[in-house]
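**Q** sequence unavailable; structure follows:
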């Protein structure tokens, strides 16, 4: 089994165990894709056909407001899933953009293949349910931190949850994610 398949199988098996035949069925629904640093995977206005499992690399999901100010919703790195989920499930045009901060390799899964996979193997339906629940919890925690925490607490929470982001993400991008100026971020980091 090549490394990318092993990464995906190990990821799935943290939630559900698969036989070799079941994994062969699963992997047949995914497409391997590579993207270069700064490349868009999704741009606002695109039809969103896929959800992406990050094998290697780092991406950011963001919204660009009418004044061209960027609002970073999330980062996704190895072992994470990302897309504009509303556009993906509703088959609408993207509101968010997804761009690579590093060269990135993914497995993509179309909605059609997602539905086939879930109807063909109940274990995968359970897997995606557990991933979805974890994602909702993470989103609610992030929203709550913006409502109740100051910049220092948000920064410390980021360090505790995802310390590698400090080395992988430019300071200006981290500042956007935390909702602070670059200067404030520099003070928080010292």
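**A** It's in. As the structure is a prediction and not an experimental result, all values here were calculated from the model. Residues are numbered from 1 along each chain as shown.
**Q** C-alpha from now on. contacts and neighbour counts both.
**A** OK.
**Q** would you map the helices across this protein?
**A** In the chain, the segments counted as helices under DSSP state H are 3-12, 20-27, 85-90, 111-120, 122-148, 151-161, 165-168, 171-178, 182-189.
**Q** which one of the ones you listed lies closest to residue 42?
**A** Closest of the helices of the chain to residue 42 is helix 85-90, at 10.7 Å (criterion: CA to CA).
**Q** which residues are contacting that closest one?
**A** With CA atoms under 8 Å, 6 or more residues apart in numbering as the test, helix 85-90 has contacts from 47, 48, 49, 50, 51, 92, 93, 94, 95, 111.
**Q** give me the pLDDT for the second one.
**A** The one in question is residue 48. On the pLDDT scale, residue 48 is placed at 97.
**Q** pretty sure it sits against residue 42.
**A** Yes. Shown here, residue 48 and residue 42 form a contact pair, counting by CA atoms under 8 Å, at 7.1 Å.
**Q** quick one on the thing from earlier: which of the contacts of helix 85-90 fall within strands?
**A** Mapping the contacts of helix 85-90 onto strands (DSSP state E) picks out 50, 51.
**Q** does anything pack onto the worst-scoring helix or strand of the chain on mean pLDDT? Which helices or strands?
**A** When the helices and strands of the chain are compared on mean pLDDT, DSSP states H and E, helix 182-189 comes out lowest with a mean of 83. Applying 3 or more CA pairs under 8 Å, 6 or more residues apart in numbering; DSSP states H and E, one finds that helix 182-189 contacts helix 171-178.
**Q** find the residues that touch each one of residue 48 and residue 42.
**A** Counting by CA under 8 Å, 6+ apart, the common neighbours of residue 48 and residue 42 are 83, 94.
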